[in-house]
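**Q** A predicted structure for the sequence below; I have some questions about it.
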Amino acid sequence: MIEFTLHDETTAPEASKVLLAKSKKDFGMIPGLHAVMAEAPGLLQGYQVVHELFVNSSFDKDELTVVWQSVNVEHACHYCVPAHTAIAKGMKVDEAITEALRNETPLPNARLEALRTFTLSVVRDRGNVDNKAVQAFLDAGFTRRQILEVVLGVSQKVMSNYTNHLAITPVDNAFKKFEWHKAT
């Protein structure tokens, strides 16, 4: 196993120092994920940009959470599931949504379930989603724009989930109370 450095503003490559300062400003800390990503400034910058783009998409807070956590759970990301549980709490997402996503149980409404189903189709089928699944997503009230915004959200999560798998990023103290393991 290769160990990755958890960088801060003093140890990070020069190009990552300003990015870590942004993370600290935005989150009140440097999340472990960002500390690892700092090793590759382009990855950290790309992640920050894609995160901002997705947060500013047409999805509301519940829908953002459904996309993020659906991918995190599917990828069994030991770091991102607890982190996004804390983020959802901060965004005041209904705990029933968070728990359903973490436990892979039905969501409280059909629209959110359609979003989870479509997101998982995008992930599992690597974007080769059949027309029936796309139509079901549209029939649930989503738009063509949102089809592509799911791709944006999935892209963000691929960057973070894969980084966490490779680096075995330690879960930050702020997220430890939301520890999670994929049900078998």
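**A** Everything's here; your move. Residues are numbered from 1 along each chain as shown.
**Q** what about the helices in this structure?
**A** For the chain, the helices identified by DSSP state H occupy 14-27, 32-37, 41-55, 61-74, 80-90, 95-103, 110-124, 131-139, 144-167, in order along the chain.
**Q** closest to N173 out of those helices?
**A** For the helices of the chain, distance to N173 was read as C-beta to C-beta. The smallest value, 9.6 Å, belongs to helix 32-37. C-beta coordinates here come from the backbone N, C-alpha and C atoms, glycine included.
**Q** from the contact counts, what lies against that closest one?
**A** Using 3 or more C-beta pairs under 8 Å, 6 or more residues apart in numbering; DSSP states H and E as the contact definition, the elements that helix 32-37 packs against are helix 14-27, helix 41-55, helix 144-167.
**Q** out of those, which one sits most buried?
**A** Each of these was scored by mean neighbour count; the highest is helix 144-167, a mean of 19, by mean count of other C-beta atoms under 10 Å.
**Q** hmm, back to that, now mean pLDDT too, for the helices and strands packed on helix 32-37, in JSON lines please.
**A** As requested, the helices and strands packed on helix 32-37 are arranged in JSON lines below (pLDDT from 0 to 100):
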{"stretch": "helix 14-27", "mean pLDDT": "97"}
{"stretch": "helix 41-55", "mean pLDDT": "98"}
{"stretch": "helix 144-167", "mean pLDDT": "98"}
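**Q** now tabulate the helices of the chain in CSV and tack on distance to I2.
**A** Written out in CSV, the entries for these read as follows (distance: least, C-beta to C-beta, whole Å):
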stretch, distance to I2
helix 14-27, 18
helix 32-37, 11
helix 41-55, 16
helix 61-74, 23
helix 80-90, 20
helix 95-103, 29
helix 110-124, 26
helix 131-139, 38
helix 144-167, 8
